[in-house]
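[1] Fold the following and give me the result.
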Amino acid sequence: MFKSFLLTAAISSICLLTGPAQAKSTSDISAEMKDKIAGDQDLIRTFTRIENQLAKNQKSDALQLLMRNLFAISPIGRLSAQDLEQYESIQIASQRSRLISRILAWDLNADGTITQAEREAFTGRQAADLELTFGLADTNADDALSFPEILNYTKTKIKTGRRNVNNRSLLLFDLDEDGFTTAPEIIDIINALEDAPMNLRKTRIKRKIPNAFGKLQATCTAPKPAQNAQLVVLTGYEGAALSTISVAGMNDVTHAAQLHIEAGTKPIYLVLASHTKTIWEFSGATDRIQQLVVQKSRVHEGGGAGVVGIPKNRIHFVEQNSCVDAVSKVDDGKGIMAYQKAQRELSRAPDQMLAFYTINTLALPSGKGGKQSSGGTDILVLNGKRYELTPEGPKLLDQPNGQGPTGGPFGSSNTMQNLKRFHPAGIRKFDVDKVISPKPAQAYDVLPQEAGLMQLMVEDKIRVNGRGYYLIAKPIARYPAGLAGGHSVKFLLGEDVPVPAGSPGHSSVYSIGEGKCLTNRCR
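    The predicted structure is shown next:
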């Protein structure tokens with residue numbers, strides 16, 4: 001079970017910078033890094049790539065690769081040259097072992113020597129590979145490969161392999177020169193290179209490149225937390241329920257998460273961020289919420305986030321990714337980066353940072369009720385049919401399964417099962433007038449995903465046939481939003497029924513009247 005915890009101890013355990021290193025200016029750090037890299041073409045290419053990422057507002061991508069490499073070599077995030085040497089020795093030994101195993105596959109009688117007779121047993125590509133290996137490894141030219149010759153050949157071949165420059169570059173991030181590279185040092189140096197680029201290729205790097213939506217990178221506009229407030233940060237991927245109210249327009253999915261504020265005397269400054277568009281529903285001792293900062297999710301329409309149960313004058317909405325990254329774990333590289341970002345943007349370290357993939361009913365500030373779940377449901381498409389990957393093996397999903405649990409239309413049972421599978425908290429119904437959002441919230445005319453399919457079935461506008469296809473028998477306002485990936489289904493568009501508005505996502509749509517597929521492909 002995933003356990004929430006305070007990150008202060010974890011951050012200190014990977015050696016937060018202290019003393020003179022913190023006093024260095026960004027230009028000093030950039031100059032020092034440039035001196036370390038000078039003349040090494042491999043490192044120049046590596047850091048040029050990093051600076052190009054920074055110039056394109058891809059800082060998180062650059063940090064993600066560096067953090068992944070750091071923690072792969074040093075699980076505690078404290079890397080020395082000795083750690084790197086040991087790690088690479090293990091990697092080389094593993095490569096050598098695989099190469100030896102491949103060569104010994106030609107040793108048919110398992111005596112440790114590959115003879116001329118054994119060579120003649122192979123044909124085609126294997127024979128060609130074996131001849132090449134003989135030419136390089138048979139040093140005494142006796143038409144036989146002994147085990148010492150095989151071992152010597154593999155040592156030479158692996159040694160001549162190119163050392164991983166990404167791993168080697170990590171040693172340059174030792175900002176305080178104490179012999180160890182840590183995650184905070186990497187973050188500090190990347191921040192410095194963002195402010196003061198080295199321009200190793202002597203080309204001008206343009207700053208403030210607009211993102212995909214044509215907007216400059218957003219800054220955190222959250223008010224500073226009061227000294228007497230407990231600073232709590234909660235991030236996640238999605239809410240456990242689907243919302244009947246949209247903060248993302250009719251053609252996008254809005255989730256819902258329930259937060260219960262525990263009794264206590266200390267005021268709370270709460271920061272919320274999720275990857276999906278979410279309505280945060282509050283209950284309990286809500287008077288403790290001194291300030292609520294809600295980070296919006298990326299949207300083409302709507303406000304991108306909503307709140308129910310907290311007065312508007314205590315809510316402050318901020319732009320996507322401006323104050324904290326919406327991570328689903330706090331104990332890995334991304335989690336540490338998110339903690340560092342929150343600390344930097346809020347000018348104070350969080351007293352409590354919690355992160356979950358799916359946020360259901362959660363008690364705050366303790367985090368009780370939160371469970372770390374897997375990243376959604378694994379769905380496999382094979383021969384035009386969808387299967388859910390379960391511990392017992394693949395389970396066919398595209399079967400109507402008869403009547404619904406309350407005597408609903410044919411096929412509703414399977415649709416309801418999918419709804420519960422993806423959204424364990426079901427559907428949360430809200431009053432549109434009580435949802436506080438940066439832009440007016442809207443009641444869905446067609447609910448998203450499986451909830452929308454159920455709605456249209458109950459309204460007798462779509463029906464399920466014996467093969468699991470959803471027949472659109474009557475006009476519908478739009479396709480349910482979010483029918484992508486594992487949520488995709490197979491539609492049949494009835495004769496004389498107009499094509500619905502919105503997008504079918506990854507679902508297939510076959511028009512009976514026109515006799516053709518209306519999507520990229522139909523399964």
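[2] What pLDDT does the model give the nearest residue to residue 302 once chain neighbours are set aside?
    Nearest non-adjacent residue to residue 302, counting by CB to CB, 6 or more residues apart in numbering: residue 248, 4.2 Å away. From N, CA and C alone the C-beta is placed, and that goes for glycine too. If you check residue 248, the pLDDT there is 94.
[3] Residue 248 reaches residue 278, doesn't it?
    No - the criterion here is CB atoms under 8 Å, and residue 248 misses it with residue 278 at 9.6 Å.
[4] Now the common contact residues for these two.
    Jointly contacting residue 248 and residue 278 under the rule CB atoms under 8 Å, 6 or more residues apart in numbering are 254, 297.
[5] quick revisit: got a list of what the residue nearest to residue 302 touches?
    Counted by CB under 8 Å, 6+ apart, residue 248 has contacts 254, 277, 297, 299, 301, 302, 303, 304.
[6] give me the low-pLDDT residue ranges for the chain?
    When residues are selected by pLDDT under 70, those of the chain lie in 1-23, 159-163, 201-217, 370-408, 523.
[7] what about stretch 329-337, start to end distance?
    Terminal residues of stretch 329-337 lie 11 Å apart, using CA to CA, to the nearest Å.
[8] which of the residues in that stretch are buried?
    By neighbour count on 16 or more other CB atoms under 10 Å, the buried set for stretch 329-337 is 329, 330, 332, 333, 334, 335, 336, 337.
[9] Not counting its neighbours along the chain, what's nearest the third one?
    Yep, that's residue 332 we're talking about. Nearest non-adjacent residue to residue 332, counting by CB to CB, 6+ apart: residue 71, 7.1 Å away.
[10] Counting neighbours, what do you get for the one you found?
    Residues lying near residue 71 (other CB atoms under 10 Å) number 17.
[11] Surely it is in a helix?
    Yes - assigned with DSSP: H, G, I helix; E, B strand; the rest coil, residue 71 falls within a helix.
[12] so where do the helices sit in this structure?
    8-13, 20-23, 26-37, 41-55, 59-73, 81-104, 116-119, 124-137, 147-159, 165-169, 183-195, 333-346, 412-422, 449-458 (DSSP state H).
[13] Tell me the gap between stretch 498-512 and the middle of its chain.
    Relative to its parent chain, stretch 498-512 has a centroid offset of 29 Å by CA atoms, centre = their mean, to the nearest Å.
[14] same check, this time on stretch 420-438
    Distance, stretch centre to chain centre, for stretch 420-438: 24 Å (CA atoms, centre = their mean).
[15] how far off helix 412-422 does the longest strand along the chain point, in degrees?
    Longest strand of the chain, by residue count under DSSP state E: strand 230-239. Per axes from the mean of the first three to the mean of the last three CA atoms, to 10 degrees, the angle that strand 230-239 makes with helix 412-422 is 150 degrees.
[16] before we move on, the earlier item: could you dump the helices of the chain into TSV with distance to residue 356 added?
    Formatted as TSV, the helices of the chain follow (distance: least, CB to CB, whole Å):
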stretch	distance to residue 356
helix 8-13	17
helix 20-23	32
helix 26-37	35
helix 41-55	29
helix 59-73	20
helix 81-104	32
helix 116-119	57
helix 124-137	50
helix 147-159	43
helix 165-169	31
helix 183-195	22
helix 333-346	11
helix 412-422	16
helix 449-458	20
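[17] Identify whichever of those lies nearest to residue 233.
    helix 333-346 (5.2 Å; CB to CB).
[18] okay, now residue 112: neighbour count?
    Neighbours around residue 112, by other CB under 10 Å: 12.
[19] you'd agree it is up against residue 146?
    Yes - using CB under 8 Å, residue 112 is in contact with residue 146, at 7.2 Å.
[20] need the contact list for residue 474.
    Contacts for residue 474 (CB under 8 Å, 6+ apart) come out as 460, 461, 462, 494, 497.
[21] what does stretch 308-318 rub up against?
    Contacts of stretch 308-318 (CB under 8 Å, 6+ apart): 218, 220-223, 279-283, 286, 289-296, 303, 305, 307, 430, 434-438.
[22] Not counting its neighbours along the chain, what's nearest residue 512?
    Leaving aside its sequence neighbours, residue 512 sits nearest to residue 495 (CB to CB, 6+ apart; 5.3 Å).
[23] and if you look at residue 224?
    Excluding the flanking residues, the one nearest residue 224 by CB to CB, 6+ apart is residue 347, at 5.7 Å.
[24] my guess is that neighbour contacts residue 223, does it?
    No - counting by CB under 8 Å, residue 347 does not reach residue 223; the two are 10.6 Å apart.
[25] Tell me the bridge partners for the closest residue to residue 434 other than its chain neighbours.
    The spatial neighbour of residue 434 that comes closest, neighbours along the chain excluded (CB to CB, 6+ apart), is residue 308 at 5.5 Å. Taking DSSP bridges, one obtains residue 281 as the residues bridged to residue 308.
[26] State the number of residues packed around residue 36.
    Neighbouring residues of residue 36 were enumerated by other CB under 10 Å; the total is 15.
[27] Isn't it up against residue 173?
    No - using CB under 8 Å, residue 36 is not in contact with residue 173; the gap is 9.7 Å.
[28] what sits in contact with each of those two?
    Common neighbours of residue 36 and residue 173 (CB under 8 Å, 6+ apart) do not exist.
[29] Do a quick rundown of the strands in the stretch 201-350 of the chain.
    Applying DSSP state E, counting those that start in this stretch to the stretch 201-350 of the chain gives strands spanning 230-239, 241-243, 245-246, 254-261, 268-274, 277-284, 289-295, 305-308, 315-318.
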